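Enquirer: All I have is the shape, not the residue letters:
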């Protein structure tokens, strides 16, 4: 990007790699966390790179608007998996006959998607193509009810009931999967919460009508939104509570989704709830997001925010997604309330 905007400013690629890429990358490697010389050199090079790009790259973020908007509070809610989810996850690994020590990225994609769906609800895996084309069809994926076999659905139900009974706030619920929205839709009907829904099957001509209905009619309490369909600039300022039911690998997609209610015209304080199944692939995706966001800050923000200089805050994990990380995606941890908390907190 530097060379495209300002040809020759960063020198040759080999020179740029030697001066910036290698020192910054080494400073972020787990094995070098305790090496103060390597860490300081990486931070110095990062600060130098930021100083260079700030001379010809103008960047504007939501921070400009935030001071004119009501306050926003973000919660990451770690939901305990149910015994049924743990049992299914272990059975899937056994019956998939996949060797996690030799698994490749391409062969793991189907299993990754299956595990993501399992985090939402065991009921979703029956229609999954990877599940259908394997020897797993004998697994009992449904259980007694949709709501009680999924930790996230149980938390969602409690959250909806609390908001419904204690406030008059409107709620936006976002998921990557329309099948998840189907289950949540059943939950809303059971809780007698009126709603509108927008996903990929919603005709373009009535999308604005749904948005206006939610934003202006007090009796419509909920808006069900597909994350991908929500990437078209929707302003859902009628709601001030947003529940992100599942995570995307790309933090920008989730950030865009979570920003739907905190927009110009919002009058009430906003509350964002990210639901994460603790100890499952859900939490691993969140951790990868945090690493990507941290890297973005190092390159794009000022040096005071991007480089701490203490060799601790920014260097817990490596940038590179290696085979060990891929294997770890399928590791189920039932002995912790939050593996993310365990990794970043020394309490």
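Expert: That came through fine. Values in this document were obtained by computation on a predicted structure and should not be read as measured data.

Enquirer: Pretty sure residue 217 is one of the things residue 223 touches, is it not?
Expert: No - the pair residue 223 / residue 217 is not scored as a contact, 11.3 Å apart, by CB atoms under 8 Å. Using the backbone N, CA and C atoms, a C-beta is placed for each residue, glycine as well.

Enquirer: Could you check which of the two has the larger neighbour count?
Expert: residue 223 (27 against 13; other CB atoms under 10 Å).

Enquirer: Secondary structure class of the more buried one, three-state.
Expert: Here residue 223 is recorded as strand under DSSP: H, G, I helix; E, B strand; the rest coil.

Enquirer: mind checking how far it is from residue 252?
Expert: Distance, residue 223 to residue 252, by CB to CB, to the nearest Å: 21 Å.

Enquirer: now residue 240
Expert: For residue 240 relative to residue 252 (CB to CB), the value is 23 Å.

Enquirer: out of those two, which sits in the busier spot?
Expert: residue 240 (22 against 13).

Enquirer: And the pLDDT at that one?
Expert: Looking at residue 240, its pLDDT stands at 96.

Enquirer: For it, which residues are in contact?
Expert: Neighbouring residues of residue 240 by CB atoms under 8 Å, 6 or more residues apart in numbering: 70, 169, 170, 261, 266, 268, 269, 270, 271.

Enquirer: Grab the nearest non-local neighbour of the first one.
Expert: Spelled out, that is residue 70. residue 269 (4.9 Å; CB to CB, 6 or more residues apart in numbering).

Enquirer: Who are the contact partners of the one you found?
Expert: So residue 269 contacts 70, 71, 72, 73, 240 (CB under 8 Å, 6+ apart).

Enquirer: Narrow the residues you listed to just the buried residues.
Expert: Listed as buried from the contacts of residue 269 are 72, 240; burial here means 16 or more other CB atoms under 10 Å.

Enquirer: Among the contacts of residue 269, which one sits closest to residue 177?
Expert: residue 240 (24.6 Å; CB to CB).

Enquirer: what's the closest non-adjacent residue to the closest one?
Expert: Here the residue nearest residue 240, using CB to CB, 6+ apart, is residue 268, at 4.1 Å.

Enquirer: Correct me if wrong: the one you found contacts residue 69.
Expert: No - applying CB under 8 Å, one finds residue 268 not in contact with residue 69, separated by 10.4 Å.

Enquirer: what helix or strand does residue 243 sit in?
Expert: Here residue 243 sits within strand 241-244, counting by DSSP states H and E.

Enquirer: do the same with residue 44
Expert: Residue-wise, residue 44 maps onto helix 36-53 under DSSP H and E.

Enquirer: Now do the helix or strand just after that helix, average pLDDT.
Expert: On the C-terminal side of helix 36-53, the closest following helix or strand by DSSP H and E is helix 63-66. For helix 63-66, mean pLDDT rounds to 78.

Enquirer: which residues sit against helix 63-66?
Expert: 72, 264.

Enquirer: what's the spacing between stretch 213-226 and its chain's center?
Expert: In terms of CA atoms, centre = their mean, to the nearest Å, the centre of stretch 213-226 is set 24 Å apart from its chain centre.

Enquirer: Please consider this matter closed, and thank you.
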